[in-house]
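>>> From the sequence below, what's the structure:
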Amino acid sequence: GVYEFSYGCTPEGCAVGDGTYADWICSREKISINKDCKIFSPANMRAAKEVEGYKKLIEHYMDEKYTLRYSGGLVPDIYQQFTKTQGVFSNPTSDSSPAKLRLAFEAAPFGLLVEKAGGKTSDGVSGGSILDVTINAVDQRTPLCIGSANEVDRFNNMLGCN
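Down below sits the predicted model:
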């Protein structure tokens, strides 16, 4: 499972239920991500000019009145998925708008956490888990879709990743 830990909540530490303080506390247990969601976080929207499936996916989210979460960043969008227990972050690639996320330091670590919380990931090419992509270079970049499982499946279907 996925847990959230807090460190250094106050100068004395983090308050524990019995009134004492500890350096580390588990502030949330068993974080999970629902299979369905109504929050979408599109990234690399320039790719929608070249990738028709991505353009249609964004239109679907707008037509169905999903809540738009656009921070432009993987970390805050994934943290919101853990907080709201739902959401999908999509970052496909195109010829003129290449992938920017680093596989070893961004996509794979967050992919592990999201999958452990019941979510799903896509490598944006084959539709397989980002965790199955072999790391061949330290600075290797990758497309990514990550979050609520049914929305990752929709991404794969609409972009032809299957």
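>>> What ranges does this structure have for its strands?
Taking DSSP state E as the criterion, the chain contains strands spanning 2-7, 14-15, 21-22, 24-31, 39-42, 67-68, 88-91, 101-102, 120-122, 141-142, 144-147.
>>> Summarise which helices and strands the fifth one is packed against.
Strand 39-42 is packed against helix 52-63, strand 67-68, helix 74-84, strand 88-91, with contacts defined by 3 or more C-beta pairs under 8 Å, 6 or more residues apart in numbering; DSSP states H and E. Backbone N, C-alpha and C define where each C-beta goes, glycine included.
>>> Partner strands of that strand and their direction?
For strand 39-42, the pairing partners within the sheet under DSSP bridges are strand 67-68 (parallel), strand 88-91 (parallel).
>>> For the closest residue to residue 129 other than its chain neighbours, which residues count as its bridge partners?
Taking C-beta to C-beta, 6 or more residues apart in numbering, and ignoring the residues beside it in sequence, residue 129 has residue 121 as its nearest neighbour in space, at 5.2 Å. Residue 121 forms beta bridges with residue 146, as assigned by DSSP bridges.
>>> out of everything not next to it in sequence, what's closest to residue 78?
For residue 78, the nearest residue in space outside its immediate sequence neighbours is residue 110; the separation is 5.1 Å by C-beta to C-beta, 6+ apart.
>>> Surely that neighbour and residue 145 touch.
No - in this structure, residue 110 sits apart from residue 145 without contact. The criterion is C-beta atoms under 8 Å, and the distance is 11.8 Å.
>>> excluding its backbone neighbours, what's nearest residue 84?
Using C-beta to C-beta, 6+ apart, the nearest residue to residue 84 is residue 39, at 6.3 Å.
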